[in-house]
Every structure is written in structure tokens, then in C-alpha cells.
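In: Can you look at this prediction? I've put the sequence above it.
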Amino acid sequence: MQDSFKYIFCFFCAITLISCKEKLDNTDKKVFNINLDQGLTSLDPAFARNQNAIWMTNQVFNGLVQIDSALQTMPCIAKSWQISDDALTYTFNLRNDVYFHDDPAFKNGKGRKVVANDFAYSFYRLIDPKIASSGGWIFSDKVKDQNNFVAVNDSTFQIKLVRPFPPFMSLLTSQYCSVVPKEVVEHYGKDFRSHPVGTGPFKFKYWKEGEILVLLKNEHYWEKDSKGNALPYLDALKASFISDKQSGFMSFLKKDLDFYYSVDGSYRDDILTKSGKMTSKYKGKFQLTKSPYLCTEYVGILVDSSLSIVKNSPLKLKKVRQAINYSIDREKLIKYLRNGIGIPATSGFIPKGMPGFDSAKVHGYKYTPKLAAKLLAEAGYPEGKGLGEITLNTTTTYKDLIEFIQSELSAIGIRTKIDVSPSTSLRDLISKNHVNFFRGSWIADYADGENYLSMFYSKNKVPFGPNYTAFYNKEFDKLFEQSYYEPDNNKRYELYRKMDQMVMDYSPVVPVFYDQSVVMLQNNVSGYQLNPLSLMILKNVRKK
């Protein structure tokens, strides 16, 4: 009996999959085809912890606020908001024309209107220990308990913070902060991950894990374009799950995909010249755009000499760390290893593209090998004599980058041994301050420099915080805490730049490059908006 049921169920799934494909492929519907080579873990926004999950939940769900292409916080379901004088109470005035997608779990199967209680439920869900959301950090240190989320009435929602946090509005644009309907979440339980119901421009239709995902246009979506036309313009989104990047790229070349993200090393030289321009082979065949991406690729150095592995390490000396910073030709690295993708990190740790970034006000390190050699000699290691061999930790994916840095350090007399570990193992060692010298990257969780500077705040010690370099500085901490009480963005950015400069001067990190995202689109696609968070926004996209 069980085998018969299993057979019928599998047969039904196969028929559904075939019918989905046929309906999308055999009509004049405007279907946007993408590939998610890293797979998809969940469509529940409470678990939107990686790029693919963030991309897809952004199509299905909305939050109180959203970002524009310049990373400014814009109204979404909240049409306006007020912040109290003490910066502890945020009051949001909700739209009254936003409805959840239809679903059998609703009364009569019709999606109901979103009310303030839905946000109180959705936000508490992030910190509810029974849910164990990966987004718990958003509110865990900012509210006391669920009573800090208040539905004043159906159209007024309040959040009460335990202390000021100026980037809070930016934080609320995160996909974790999407609104979900309680009765639907409770109806599906853990299966809500594969049966999402939101208010977004696209509604869920079908997901066969590892094979196909289909989202359809939300015919009742509430947002309009500047001319009053209904959004979205597309009829559907179809995602495939080809894990091999080269195969995925071949699908794009055959026009089976409308969008392709990132240029993998295996075919980078085929698409891009060393200066980062499209090769003549592909000119005019598709669109290729590079834009700043809020990610800093860096090498981290443990600096707390009270740690046993730092006590006898030459890296505890500031001049040695500064010498390392001056010894790397970042422009050469980007040209030859990355075909022009990336921006040399010669300012601070906060990347280009972040609001408040100013390369004229934060001075990092440009390639100056003579100065690097001079600093090394002043530290007591002329031409590296007496320095010994230093271990530099990385993963297989970044071995070529680290080998380049190894070569640059060797040129001034610093000998390094590369230790390659699986990414999970290295991440675990870094999160316990168990490695002296390591490759890392920091991708912005939200569009505010505080997110980067939090890595150097003393109270963010590992394993509970991201201070992976064990940088502890009272003056830095004072400025960091002061920034929480500065509501004026420009004044706060000035504090950020002071802190960023302190980090550069002390050199617990070697910023290598600020990343760029590379987006490839077919020529019949328009309206795709790039943004430094590399967030996929499809509601404005058209396909001829």
C-alpha cells in the first residue's frame, strides 16, 4: 500500500513538473530564466542566510521598507514612519492595500490584508528560540522580548529598542524582516520553507528541489511604476539548478538563461580581457555590467599579544603588519588574477559603494615595496632575516589569491607557508582566534559602515562576535559607542571614517580588494537595477 502511494505521489510530481515547464515554454508569456548554481536552502525569509535564498525571498515577500539602487531606505508596506527623540521608538504607518497571496490555508483560500500584528508575529519569530532563525541577530541585542513589537492598531506598528541603533532603518530592509502570515506558517509548519506565502511581486507556484523553481506574477501586487502601471512586468520567473558553472554559462550562451551572475575563473579569460573589458568574441552578443559590491576581501592578522599563538609571532609588531600592507600590488592582482573585477582596497576596510565611503578621507596602503622593506628593517627584520616562516591559512577556492600574496611577501623577505583547509574548518578556527594569519571576506548584511566596524569592537569578542583579529582599542570603542547616539548620517559617517583610519593605522587587517558584481543579461532584457548589495530586484524588469 505504501509503495503504491509513493508511486502515485511521484507520478503526480512528474506530471506537475512537465505541465509547469510546458505552460512556461510553449506560450508567449514573459518568463525570466535564471540559474541558481549554489542550490536553494529555503524560501522562508527567517532562513534567508545566503544569496540565493535572499534573491528568491525578495521576489515573494515584502517588508516595512526596501532599498533603492543607491541603498537609500524607501517606503514599502510602511508608507511613512517616525522616530522618537530618544531614538528608541520607531512608529510605522502601514498601507491598507497590501494583501498576502491566495492560499488554501486562508479562509476561503483568499489572501487577507496585512495588518500590524503580522509584523509583530514575523519579527518575534526571528528571536523565538523554537524557530532558531539564522536572522535572530537582527533583533536579539536590540529588543528585550516580544513585547517590544507593538501593534498599536491594524495600521500602526511600533518597535521599541533597548538602546539607540542609527542603522536600524537600513537593517529593516533585510529579507529576514519580511512579513509572513501566522495562520499559513502554522498550517505548513517546517514545510513553509517550500510553500512560502508573502505579499511580493511574484507568488510561489512550484519547487522541485535541485531541478526547477517556478514563481508566477502576482496579479494583485500593490506597487505601481512611476506612470501608474502595475508591477511586475514579467509573467513568471523560472530557476534551474545547474551546479557546474561552465555548464550554466553555456546555457546562458544558448539563450536558455536570461541572466547570469559572476564570472568564474574557468571561463573568465574567454569573456574578459585583463583590463576587464568584454572580449571581441562576445561583443554585442549580451550585456555585461560591473558594479560595486559591498564585500571586502582581506587578510586578517591576530593582534592580541595576550593570546599564546600571538606572543612569539612577529605579526604582533605593527611595523611588520604595515610592511605586509605596503608589499601587495593590488592593481596587478586584480588585473592578472581577476581580469579587472574588483577595486584595489587602498582606502579603509569599509568598501567602495557603501554610503559615506570617501577615499580622500581614509588612507590605506598603496603598493610601496621600498617602504615595506624599510618598515621590516625598523621592526628588526632587515630583508626578513630572523623572521622565520609564517603560516598563511586559506581554502582551496582562494589558493591562487593567497599564492600571489605569498609571492609579494617573498619579494621583501617574508617567507610564508600556505595551509589549505576546508572552508568550514577554517571558519571554525578563525571564529575561535586559533589562526594567526588568514584569508577572509566580509559581505555587508546591511548598507551601513557599522556592519564592518563591528568586527573591531572589543565587546564583539569571538566566539560570540566577529572580532576575528582580537583588535581591542579603548579609543575605537568610545567612537563606536558614540556613533550609536549620532542620528545625523553625515556626522556618523565622519565617526566611521575616524574608526576606519584607526584600523588602517594599526593594521589588524590587510584589505586586498573591494569586490564588484558582474551581471550578464540577454540583449532583450531591460530594467534590471544594480545595487551594491547585489540584491536581485525583478519587479521592474522587462523582457522583449
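Out: Yep, it's here. Quick caveat: nothing in here was measured; it's all calculated off a predicted structure.
In: and Lys366, what does it touch?
Out: Listed by C-beta atoms under 8 Å, 6 or more residues apart in numbering, the contact partners of Lys366 are Tyr326, Pro344, Thr346. Where C-beta positions appear, they are placed from N, C-alpha and C, glycine not excepted.
In: Could you report the pLDDT at the closest residue to Asp304 other than its chain neighbours?
Out: Nearest residue to Asp304 in three dimensions, chain neighbours excluded: Ala470, at 3.6 Å (C-beta to C-beta, 6 or more residues apart in numbering). With respect to pLDDT, Ala470 has a value of 97.
In: what helix or strand is Ala470 on?
Out: Using DSSP states H and E, Ala470 falls within no helix or strand.
In: low-scoring stretches of this structure, by residue?
Out: Scanning the chain for pLDDT under 70 picks out the ranges 1-27.
In: tell me which strands and helices the longest strand along it is in contact with?
Out: If you go by DSSP state E, the chain has its longest strand at strand 287-301. Contact partners of strand 287-301 among helices and strands, from 3 or more C-beta pairs under 8 Å, 6 or more residues apart in numbering; DSSP states H and E: helix 318-326, strand 437-443, strand 509-521.
In: would CSV of the ones you listed with distance to Val503 and mean neighbour count be doable?
Out: Putting these into CSV (distance: least, C-beta to C-beta, whole Å; neighbours: other C-beta atoms under 10 Å) gives the following:
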stretch, distance to Val503, mean neighbour count
helix 318-326, 11, 23
strand 437-443, 12, 20
strand 509-521, 7, 24
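In: Quick one: closest of these to Phe61.
Out: Nearest to Phe61, of all those, is strand 437-443, at 20.7 Å by C-beta to C-beta.
In: what element comes up after that closest one heading to the C-terminus?
Out: Counting by DSSP H and E, what follows strand 437-443 is helix 450-453.
In: Gly356 is in contact with Asn489, correct?
Out: Yes. The pair Asn489 / Gly356 is scored as a contact, 7.4 Å apart, by C-beta atoms under 8 Å.
In: more crowded one of these two?
Out: Neighbours were counted for Asn489 and for Gly356 using other C-beta atoms under 10 Å; Gly356 has more, 19 against 13.
In: Give me the nearest residue to that one, chain neighbours excluded.
Out: Per C-beta to C-beta, 6+ apart, closest to Gly356 is Tyr493, 3.2 Å.
In: Tell me if that neighbour really is in a helix.
Out: Yes. Using DSSP: H, G, I helix; E, B strand; the rest coil, the assignment for Tyr493 is a helix.
In: and it, what is it in contact with?
Out: By C-beta under 8 Å, 6+ apart, the neighbours of Tyr493 are Pro355, Gly356, Asp358, Gly449.
In: nearest residue to Asp141 other than its sequence neighbours?
Out: Nearest residue to Asp141, sequence neighbours excluded (C-beta to C-beta, 6+ apart): Val162, at 7.9 Å.
In: swap that for Gly440, sorry
Out: With sequence-adjacent residues excluded and distances taken as C-beta to C-beta, 6+ apart, Gly440 is closest to Gly300, at 4.9 Å.
In: Might you report the residue contacts of the closest residue to Lys461 other than its chain neighbours?
Out: The shortest distance from Lys461 to any residue other than its chain neighbours is 5.5 Å, reached at Asn467 (C-beta to C-beta, 6+ apart). By C-beta under 8 Å, 6+ apart, the residues touching Asn467 are Met455, Phe456, Tyr457, Ser458, Asn460, Lys461.
In: ok, now Asp86?
Out: Pro164.
In: hang on, the earlier thing: next SSE downstream of the longest strand of the chain?
Out: By DSSP H and E, the next helix or strand past strand 287-301 is helix 308-311.
In: in that following helix, what's buried?
Out: Val310 (16 or more other C-beta atoms under 10 Å).
In: how distant is that helix from the center of its chain?
Out: Distance, stretch centre to chain centre, for helix 308-311: 33 Å (C-alpha atoms, centre = their mean, to the nearest Å).
In: now do stretch 85-94
Out: Relative to where its chain is centred, stretch 85-94 has its mean C-alpha point 26 Å off (C-alpha atoms, centre = their mean).
In: measure it end to end?
Out: End-to-end distance for stretch 85-94: 21 Å, by C-alpha to C-alpha, to the nearest Å.
In: and if you look at stretch 194-212?
Out: End-to-end for stretch 194-212, by C-alpha to C-alpha: 12 Å.
In: how big is the angle separating whichever strand or helix holds Met250 from strand 509-521?
Out: Element membership for Met250, per DSSP H and E: helix 245-253. Angle between the axes of helix 245-253 and strand 509-521 is 40 degrees (criterion: axes from the mean of the first three to the mean of the last three C-alpha atoms, to 10 degrees).
In: Run through the neighbouring helices and strands of helix 245-253.
Out: Of the remaining helices and strands, those touching helix 245-253 by 3+ C-beta pairs under 8 Å, 6+ apart are strand 31-35, strand 259-261.
In: Paired strands for the longest strand of the chain, with orientation please.
Out: strand 437-443 (antiparallel), strand 509-521 (antiparallel) (DSSP bridges).
In: about what we covered before: what bridges to the residue nearest to Gly440?
Out: Applying DSSP bridges, one finds that Gly300 bridges with Phe438, Val509.
In: residues near it, how many?
Out: 22.
In: Could you shift the numbering so residue one becomes 26, and keep it that way?
Out: Fine by me, first position is 26 from now on; the one you just mentioned is Gly325.
In: shouldn't the residue nearest to Asp329 be in contact with Val328?
Out: Yes. Counting by C-beta under 8 Å, Val328 is a contact partner of Ala495 at 6.0 Å.
In: Look at Tyr124 and say how many residues are nearby.
Out: Using other C-beta under 10 Å: Tyr124 sits among 16 other residues.
In: Skipping its backbone neighbours, what lies nearest it in space?
Out: Distances taken as C-beta to C-beta, 6+ apart put Gly136 closest to Tyr124, at 4.7 Å, once the chain neighbours are dropped.
In: Need phi/psi at that neighbour.
Out: Note on Gly136: its backbone torsions stand at phi -60, psi 130 [degrees, to the nearest 10].
In: my read: it touches Asp127, true?
Out: Yes. When contacts are counted by C-beta under 8 Å, Gly136 is listed as touching Asp127 (4.8 Å).
In: which of the two has more neighbours?
Out: Comparing Gly136 with Asp127 by neighbour count (other C-beta under 10 Å), the higher total belongs to Gly136, at 21 against 17.
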